[in-house]
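*Asks:* I would like the atomic coordinates for the input below:
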Amino acid sequence: MVEISLTYDGELRTRAVHGPSGTGLITDAPVDNHGKGESFSPTDLLATALGSCMLTYVGLTANKHGWDVRGTSVTVHKEMVADPIRRIGRLTVQIHIPLALTDQELALIEQAVITCPVKESISDRIQVPLTITCMPTINLPGARRGS
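*Replies:* Take a look at the predicted model:
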């Protein structure tokens, strides 16, 4: 179990501290919800958690198979809806892996990221379209995968 302590600082801003490490972060309500928009909003943190979790699972899969996926990037586009209450409606995820992968290898990574704990914890009411791209597979004699 991990404890995270939060304090309301006023003006729609909160301060959170991660118990085990002491690392802190600040959230701020977005401008379109009466905040200053000077930091991550709580819903931004959900989008960030999803991208970070998926990226971690790319790394776990790569480590298991001996692939070097350093430089892999994830972009998450968060879309809010009001139906009838304000909530996240869609988190569009784009993952780019700077490594040539076969279709089978790409399928292993896709299975890992769609079953990461954050994705598994997100409500079915939030759409999560996913695109994964990688460098084209090159079949040259003597070509080797990064390690």
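
*Asks:* Remind me which helix or strand the residue nearest to the spatial centre of the chain belongs to.
*Replies:* For the chain, Gly51 is the residue whose C-alpha lies nearest the centre (CA atoms, centre = their mean; 0.6 Å). In the assignment (DSSP states H and E), Gly51 maps to helix 42-65.

*Asks:* ok, then the element right after that helix?
*Replies:* Sequence-wise, the next helix or strand downstream of helix 42-65 (DSSP H and E) is strand 73-82.

*Asks:* Sheet-wise, list the partners of that following strand with their directions.
*Replies:* strand 86-100 (antiparallel) (DSSP bridges).

*Asks:* Return the set of buried residues in the partner strand.
*Replies:* Ile88, Leu91, Val93, Ile95, Ile97, Leu99 (16 or more other CB atoms under 10 Å). (Each C-beta comes from the backbone N, C-alpha and C, glycine too.)

*Asks:* List the residues that contact Val69.
*Replies:* Listed by CB atoms under 8 Å, 6 or more residues apart in numbering, the contact partners of Val69 are Val58, Gly59, Ala62, Ile97, Pro98, Leu99, Gly146.
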